[in-house]
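> Quick one, fold the following:
(one chain, ligands or ions: 2)
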Amino acid sequence: MKSIGFIGVGKMATAIISGLDKQKFDIFISGHDLEKTQAQAKALGVVAVSSHKALVSKSELIILSIKPQVLPKVADEILSVLTKDKTILSIAAGFSLDDLAHLMTLENMPIIRVMPNINAQIGRSTSAIVKNDSVSADSFDFAKGIFETIGSVFEIEEKDFSTFTAIAGSSPAYIYMFMDALARAGVLHGMPKALALSIVADTVAACGEMVKISGENPWTLVDQVSSPGGTTVSGVVSLEKNRFVGTVIDAITATIEKEKHLK
Ligand SMILES: NC(=O)C1=CN([C@@H]2O[C@H](COP(=O)(O)OP(=O)(O)OC[C@H]3O[C@@H](n4cnc5c(N)ncnc54)[C@H](OP(=O)(O)O)[C@@H]3O)[C@@H](O)[C@H]2O)C=CC1
Ligand SMILES: O=C(O)[C@@H]1CCC=N1
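Ligands and ions are numbered 1, 2, ... in the order given. Now for the predicted structure:
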């Protein structure tokens, strides 16, 4: 049976583990508080181990699911037990394959980088994946398969990872902000918040499907909604007076810049 180890069991690792078939894999987790890790292991139906080193020796694929700030310290801890028959997979923002290889110090260490998103919690992550030359086709397919169980996976060039992080990794936060703003406007105009949010959630989910199914450019869809002299175009003009498109693009650019300087 294939073995997978997760170092750091927060929001993302919990979401990924929840989507995995526990009958198919041996799954190990290690954290920085054994009691807490044991409780998490019990809840998730996996095995807690007492140290990151022990986890590395038990696992073929080691998923680094800690915060970027903790990554160098954890890498340092596992170095002495790391061997090239293992594969390291990092989901940390801001650390390139070269950065990770540098931390692992072992020449030709197989390393995979993945950027998932928070929708992994409902099995709908949009993830990107890239590998270095030392990763075998089998190991790559295995790793990709894990993320396919919790959503869609895009194989992209590493040069596009910062952009992907912004438009798929971080963007759920911005989309939730937009959704809350729509619902809050509903409240301003007299609608209960829960009702407004439910209406917005259905509408936003359908818009995502509409873009995919119709294959239309979003601006074509904007035109389809906007009746001449009607309601929608008034809102479109108001949004653009307030620099809606430019504001969103600025936010994405700020996210990309932050990702590039996270280390
Ligand atoms: N959240 C998101 O939407 C996304 C996050 N990511 C990336 O995923 C990674 C994890 O993020 P996320 O799950 O949100 O973060 P969390 O803070 O939820 O999880 C990190 C976990 O690591 C634990 N931890 C802290 N120090 C150590 C240590 N020394 N050894 C082992 N475990 C430790 C934390 O424990 P404790 O809480 O007790 O300190 C926590 O459980 C990050 O690198 C982030 O860039 C990628 C895509 C999306
Ligand atoms: O905010 C962050 O840094 C992480 C990476 C992508 C989403 N959350």
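> State the distance from the residue of the stretch 151-263 of the chain found nearest ligand 1 to ligand 2.
Of the stretch 151-263 of the chain, the residue with the smallest distance to ligand 1, taken as Cβ to the nearest ligand atom, is G169 at 4.5 Å. Every C-beta, even on glycine, is put in place using the N, C-alpha and C of the backbone. Look at G169 and ligand 2: by Cβ to the nearest ligand atom, to the nearest Å, they are 3 Å apart.
> Quick check: pLDDT value at that residue.
pLDDT recorded at G169 is 98.
> my read: it touches R113, true?
No - if you go by Cβ atoms under 8 Å, G169 and R113 don't touch, sitting 11.9 Å apart.
> ok, how many other residues are close to the residue of the stretch 101-250 of the chain found nearest ligand 1?
Nearest residue of the stretch 101-250 of the chain to ligand 1 (Cβ to the nearest ligand atom) works out as I118 at 3.9 Å. By other Cβ atoms under 10 Å, the residues close to I118 number 16.
> Contacts only, for it.
By Cβ atoms under 8 Å, 6 or more residues apart in numbering, the residues touching I118 are 11-12, 15, 125, 172.
> Please enumerate the strands of the stretch 51-200 of the chain.
Using DSSP state E, counting those that start in this stretch, the strands of the stretch 51-200 of the chain run over 61-64, 87-90, 111-115, 125-131, 151-155.
> now these as TSV including distance to ligand 1 and mean pLDDT?
Putting the strands of the stretch 51-200 of the chain into TSV (distance: least, Cβ to the nearest ligand atom, whole Å; pLDDT from 0 to 100) gives the following:
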stretch	distance to ligand 1	mean pLDDT
strand 61-64	8	98
strand 87-90	8	98
strand 111-115	6	98
strand 125-131	8	98
strand 151-155	12	98
